[in-house]
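J.: task: produce atomic coordinates for the following.
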Amino acid sequence: MPSYHHVRTSTFHVRLRLRLHLLMVAIIFLTQSAYSVMGFARPYSRPATHAKNPLLKTTTTISDARSANTSSSRVRLSQSTNYSDRSSKRLRIKTKTMLSSIIATLLMTIKPAGAATAAAEKTKTMLSTVLAALSTTIKPAGTATAVASAPSYHLTRILFLRMLAIVYIAAFSVAKFQNKGLIGDRGIAPAGKVLNDCQKRQELRSARRKEWAEERKKYSQKGSWVMNKLSDSRIATLFRDKFWYRTDRADRPLPCLLWLAKDRRNLNPWLDGLANTGLLLSSIMLATGSANALLIFALWLIQRSFMSVGGVFYGYGWEPQLAELTFHAMFLVPLLSMDPFFGSKSGVFAVPTLVLWAIRFYLFKIMLGAGLIKIKSSDKKWKPGDMSTMYYFYETQPVPNPFSRQFHFMPKSWHKFEVWSNHFVELVAPFLLLLPFRKLRISGAIIQIMFQLTLITSGNLSFLNWLTMAPAILCLDDVFLTNNLSSFAQKVLIGTPMTSFFAASLKSGTVKLLHTPMPRMVISLAFFMLMANLNVKVVQNLLAKRQLMNASFDKMRLAGTYGAFGVVAEEREELIIESAVDANGPWKEYNFNVKPGDVNRTPRWISPYHHRLDWQMWICAQTGRIERNPWMLSFLLKLLQQEKDVIGLLESDPWDGSGSSPKYIRVEKYKYSYNKRGSSPYWNRERIGRYFPYGQGVLTEAMLKDIIRGR
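T.: Below is the predicted model of the structure:
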């Protein structure tokens, strides 16, 4: 009979071998799982069970198509077994072999003795049965069945990039035609003044740091010599002075290409140049359906440049929302290649799954934030028991379109249904976007897309709704697009020179996703962890009782929290600007492009285009006295001065061709409401009173200059 020491030593070695086997199995499983989660991972083959696709007119693979483009020859599809099948089968065989080894080790350790003989024999018999079952399932590599495939997002990425390009074309078109009047050299709020104020803050902070550095030399601090040398180095000083200390009033750095301008009194060429460059780059992205990280970074930097100097005219929630989505998109595309099916002759690289999930969360927090801001607000019209918000919204929204009046006069029961539907879309449906179940996730995406399309038809909300649709596209996949889009829609939305070849490979089951290089995997993981960290405060804000709307919690504004229309007005108030040559009249009104003014004019449908001044006039009417909108003083002054770029922001100049210029100006406030459908005029309006100057006075150019100077 073996001694106690011998049995204990033998048991220790058996346990050690068992733990090593389990560790090896865990390493294999975790490695493959990490690859799969990141979306770079193992190659896969899609079974050819999808519906017929009108683009699938050839069986040439994407790899063959690349060869055909270089050698003008078409290689027929190989009938050999897929590498992806072999890779997956090898993984399964290796795992089962390891399990078999573990069970065999256990069988060797079971030695029946004494009273435990029956139990030991029973356990041994059970393990032998399991081992036999595993052995029968381990087959040679060529005989294993096909494995389930992971979804592909290459065609989806093409559609996403094209939607993002449409948004940028709208945004940069607005910049090209409006920036000179808004933030130009002689505009309402010149960008040069913003840069000068920013530089003054930088110079003050740099001077304080120099004083602190001199004071620090009087004291010796152990262990800080290296850090002091690094912080005082030329590179660190240059970084602080040229970027980190150049902040806005909220102490946030302003990344802006206008810093490169030598003369800040002549920024108009720079504003036009940046807008034209953005239009060119976004047009390339729209035409090709592809982009690389450098192109996306250029779009992001131009957008951030306008945001940095745009003031109130770039203070809307969709501006940082666009910049944040662009930052995400930078990690969704290849670094240099413009090939939407970037890879090699043996296959294509998978679209990074971690980035896909980050963008889905981006959409999730936007929609959930929009819903929470409504139910947390003091506006009872969003709450059960009232639910009348939509009855007022179509009439009081910033910029109505031709269909807004039709929506307004729908039955009140329908408006209540709209409010309930809005709460469902913004508070319940967003959770579908984060589910791992494909059908539910696609359903959530379709709900969001249909919701945004409804908003587009009912009002002019700039490019906000178009922008919000873009991340929803990434909840779909290639199979969904090819199975549900018509031939014409596929050519328009996802068509590229290589799309038909990729779709053919998709149907035939020969799409191979290659292992992504380790540097790209590390970058994607680092990006995911960065956004997860930045969004912690965003989630805390969503859960807070007093939720902030359209705010960011990091200095670079890489992640923000969003929301809109927490409170909806019940009456529409409009500001009407009038000027005259004589203080006793006659007074002439200034008509804006889309803002209600002329009661006979039908609203226009301009989405995704946007008239920033018109929107800002609506905000001015909602927020009360002119002291909360100091930009308007400058606007009134520019109107009296007949500033060409500012007058160009309006529909027309009432003094054009009159041979005279206005000397006096005033702002009246009116209440507007829809006339009945089919009736004329389109609007009814009723004068409320004088908005500015207060009382019954009028303003002159000299008076406005004194007021502005006094501020």
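J.: next, count neighbours for the closest residue to Arg557 other than its chain neighbours.
T.: Of all residues not flanking Arg557 in the chain, Pro320 sits nearest, at 5.5 Å (Cβ to Cβ, 6 or more residues apart in numbering). All C-beta spots, glycine's among them, are computed from the backbone N, C-alpha and C. Pro320: 23 surrounding residues under other Cβ atoms under 10 Å.
J.: show the contacting residues for Pro320.
T.: 307, 550, 552, 557, 560 (Cβ atoms under 8 Å, 6 or more residues apart in numbering).
J.: ok, the second one - contacts?
T.: Right, Asn550. 316-317, 320, 560-564.
J.: so the residue nearest to Arg557 versus Leu257, what's the distance?
T.: According to Cβ to Cβ, to the nearest Å, Pro320 and Leu257 sit 18 Å apart.
J.: what about Pro596, which SS state?
T.: At Pro596 the chain is in coil, as set by DSSP: H, G, I helix; E, B strand; the rest coil.
J.: does it touch Trp683 like I think?
T.: Yes - taking Cβ atoms under 8 Å as the definition, Pro596 is a contact partner of Trp683 at 5.9 Å.
J.: which residues are common contacts for the two?
T.: Tyr672.
J.: name the element Glu418 belongs to?
T.: Under the criterion of DSSP states H and E, Glu418 resides in helix 412-423.
J.: I'd like the next helix or strand past that helix.
T.: According to DSSP H and E, the helix or strand after helix 412-423 is helix 438-458.
J.: and that next one, which residues are buried?
T.: If you call a residue buried by 16 or more other Cβ atoms under 10 Å, then helix 438-458 has these buried ones: 441-449, 451-452, 454-456, 458.
J.: then stretch 274-289?
T.: Using 16+ other Cβ under 10 Å as the test for burial, stretch 274-289 gives 274-275, 278-279, 281-282, 285-286, 288-289.
J.: where in this protein is pLDDT low?
T.: Applying pLDDT under 70 to the chain flags residues 1-150, 220-225.
J.: repeat that with 50
T.: Flagging of the chain using pLDDT under 50 yields the residue ranges 1-14, 16, 18-60, 70-88, 91, 113, 115-116, 134-148.
J.: any idea where the strands of it begin and end?
T.: Assigned by DSSP state E, the chain shows strands spanning 343-344, 347-349, 513-514, 551-552, 560-561, 572-580, 588-589, 664-674, 683-692.
J.: please identify the most buried of those.
T.: The highest mean neighbour count among the strands of the chain, using mean count of other Cβ atoms under 10 Å, belongs to strand 560-561: a mean of 26.
J.: Lys200: neighbour count?
T.: Lys200, neighbours per other Cβ under 10 Å, totals 10.
J.: any idea how far Asp645 is from it?
T.: For Lys200, the distance to Asp645 - Cβ to Cβ - is 26 Å.
J.: let me know the closest of the buried residues of helix 438-458 to Ile619.
T.: Leu455 (19.0 Å; Cβ to Cβ).
J.: just give the closest residue to that closest one, not the sequence neighbours.
T.: Asn465 (4.8 Å).
J.: pretty sure Gln202 contacts Tyr245?
T.: Yes - contact between Gln202 and Tyr245 holds when scored by Cβ under 8 Å: they sit 4.1 Å apart.
J.: between the contacts of Asn550, which is nearest Tyr168?
T.: Set against Tyr168, the nearest of the contacts of Asn550 by Cβ to Cβ is Pro320 (14.7 Å).
J.: roughly how far does Ala370 sit from Phe451?
T.: On the measure of Cβ to Cβ, Ala370 and Phe451 end up 10 Å apart.
J.: scratch that, Ala621 is what I was asking about
T.: 28 Å.
J.: check Met498 too.
T.: In terms of Cβ to Cβ, Met498 sits 33 Å off from Phe451.
J.: same check on Val479?
T.: Counting by Cβ to Cβ - Val479 and Phe451 are separated by 24 Å.
J.: repeat that for Leu161.
T.: As judged by Cβ to Cβ, Leu161 and Phe451 stand 22 Å apart.
J.: ok, Leu363 next?
T.: Distance from Leu363 to Phe451, by Cβ to Cβ: 12 Å.
J.: Met338 too?
T.: Met338 is 33 Å from Phe451, by Cβ to Cβ.
J.: residue contacts, Trp615?
T.: Here Trp615 is in contact with 316, 398-399, 462 (Cβ under 8 Å, 6+ apart).
J.: most widely separated two among those?
T.: Tyr316 and Val399 (12.2 Å).
J.: farthest-apart pair in the buried residues of stretch 274-289, please.
T.: Leu274 and Gly289 (24.1 Å).
J.: so Thr389 versus Gln452, what's the distance?
T.: Taking Cβ to Cβ, one finds Thr389 at 18 Å from Gln452.
J.: kindly apply the preceding question to Phe160 instead.
T.: 14 Å.
J.: Met617 now?
T.: In terms of Cβ to Cβ, Met617 sits 25 Å off from Gln452.
J.: tally of neighbours for the closest residue to Thr602 other than its chain neighbours?
T.: Closest residue in space to Thr602, ignoring its immediate chain neighbours: Tyr682 at 5.5 Å, by Cβ to Cβ, 6+ apart. Here the number of neighbours of Tyr682 (other Cβ under 10 Å) works out to 18.
J.: list the residues that contact Tyr682.
T.: Counted by Cβ under 8 Å, 6+ apart, Tyr682 has contacts 405, 599-603, 674-675.
J.: neighbours around the residue lying closest to Val333 once chain neighbours are set aside, how many?
T.: Here the nearest residue to Val333 in space, its sequence neighbours aside, is Ala291; by Cβ to Cβ, 6+ apart that works out to 5.1 Å. Close neighbours of Ala291, defined as other Cβ under 10 Å, add up to 29.
J.: can you check Leu534 too?
T.: By other Cβ under 10 Å, the residues close to Leu534 number 18.
J.: ok, now the one 4 residues further on?
T.: In terms of burial, Val538 registers 22 neighbours under the definition other Cβ under 10 Å.
J.: same deal with Glu570?
T.: 13.
J.: tell me the phi and psi of it?
T.: Reported as degrees, to the nearest 10, the phi and psi values for Glu570 are phi -100, psi -10.
J.: going forward, the N-terminal residue is numbered 22.
T.: Happy to do that; since the first residue is 22 now, the last one works out to Glu591.
J.: touching, Cys219 and Trp265? I think so.
T.: No - counting by Cβ under 8 Å, Cys219 stays clear of Trp265, with 11.8 Å between them.
J.: more neighbours, these two?
T.: Shown here are Cys219 and Trp265; by other Cβ under 10 Å, Cys219 has more neighbours (21 against 13).
J.: check contacts around the more buried one.
T.: Contacts of Cys219 by Cβ under 8 Å, 6+ apart are 267-269, 275.
J.: with Asn217 instead?
T.: Asn217 touches Arg285, counting by Cβ under 8 Å, 6+ apart.
J.: so it versus Val330, what's the distance?
T.: Asn217 is 11 Å from Val330, by Cβ to Cβ.
J.: among the buried residues of stretch 295-310, which ones are in helices?
T.: Secondary structure from DSSP state H places 295-296, 299-300, 302-303, 306-307, 309 of the buried residues of stretch 295-310 in helices.
J.: and for the residue nearest to Arg698 when sequence neighbours are not counted, the neighbour number?
T.: Nearest residue to Arg698, sequence neighbours excluded (Cβ to Cβ, 6+ apart): Phe430, at 5.6 Å. Other residues near Phe430 come to 12 when the count uses other Cβ under 10 Å.
J.: same check on the one 3 residues further on?
T.: Using other Cβ under 10 Å, Lys433 has 11 other residues around it.
J.: spatially nearest residue to it (excluding sequence neighbours)?
T.: Lys433 sits nearest to Tyr412 (Cβ to Cβ, 6+ apart), 6.0 Å away.
J.: pretty sure the one you found sits against His436.
T.: Yes - judged on Cβ under 8 Å, Tyr412 makes contact with His436 at a distance of 4.5 Å.
J.: need the contact list for the closest residue to Leu455 other than its chain neighbours.
T.: Excluding the flanking residues, the one nearest Leu455 by Cβ to Cβ, 6+ apart is Phe385, at 5.8 Å. For Phe385, the contacting residues are 451-452, 454-455, by Cβ under 8 Å, 6+ apart.
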